[in-house]
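Enquirer: just the structure for this:
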Amino acid sequence: MDKTKTSNQASEIYYHGTKANLKEGDLIEAGFNSNYGQRKVAKYAYFTATIDAAIWGAELAQGEGEGRIYLVEPTGAFEDDPNLTDKKFPGNPTKSYRTTSPLRIVSERSDWQEHAPEQLKAMKEHLERLKQMGIEAIEE
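Expert: Numbers count the residues shown, from 1 in each chain. Predicted structure coming up:
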């Protein structure tokens, strides 16, 4: 991975939004179908340092059940997520990252507010347009 980072910043809190029902100590790993595009097998596990990006992850995740947000700890090096950074947007405003190493669940955060229904609908429509255009997640 280029421009790798490590989680030696004790003050940084990281989140992962999903619909998976996990518990403290569980690991989130690459190798499962992506939530986006053609749902190819993801080469990375994704996480963020902003609650809003984690909420989008929880709301847009595939599958049944309610969205969940977990506080996670990267177990290895990670890099900026190119899907939400310089390759598509300047900088890294969502503080989104990816790693080939597992993410360890530290705890679940339950005090979050969903996006407004019309905002969620607009985002889902936007993602569907990208899918129809054949635009996939950057997995290089």
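
Enquirer: can you point me to the longest helix in the protein?
Expert: If you go by DSSP state H, the chain has its longest helix at helix 117-132.

Enquirer: go ahead and confirm Pro102 touches Gly25.
Expert: No. If you go by C-beta atoms under 8 Å, Pro102 and Gly25 don't touch, sitting 11.1 Å apart. The C-beta positions use only the backbone N, C-alpha and C, and glycine is treated the same way.

Enquirer: more crowded one of these two?
Expert: Pro102 (17 against 8; other C-beta atoms under 10 Å).

Enquirer: name the nearest residue to the more buried one, sequence neighbours excluded.
Expert: Leu27 (4.0 Å; C-beta to C-beta, 6 or more residues apart in numbering).

Enquirer: residue contacts, the one you found?
Expert: With contact taken as C-beta atoms under 8 Å, 6 or more residues apart in numbering, Leu27 is in contact with 75, 102-105.

Enquirer: most surrounded residue in the residues you listed?
Expert: Busiest of the contacts of Leu27 [other C-beta under 10 Å] is Leu103, holding 27 neighbours.

Enquirer: quick one, what contacts that one?
Expert: 14, 16, 27-29, 45, 47, 72-75.

Enquirer: go on, Thr99?
Expert: So, once contact is read as C-beta under 8 Å, 6+ apart, Thr99 ends up touching 1, 30, 44-45, 47, 74, 76-79.
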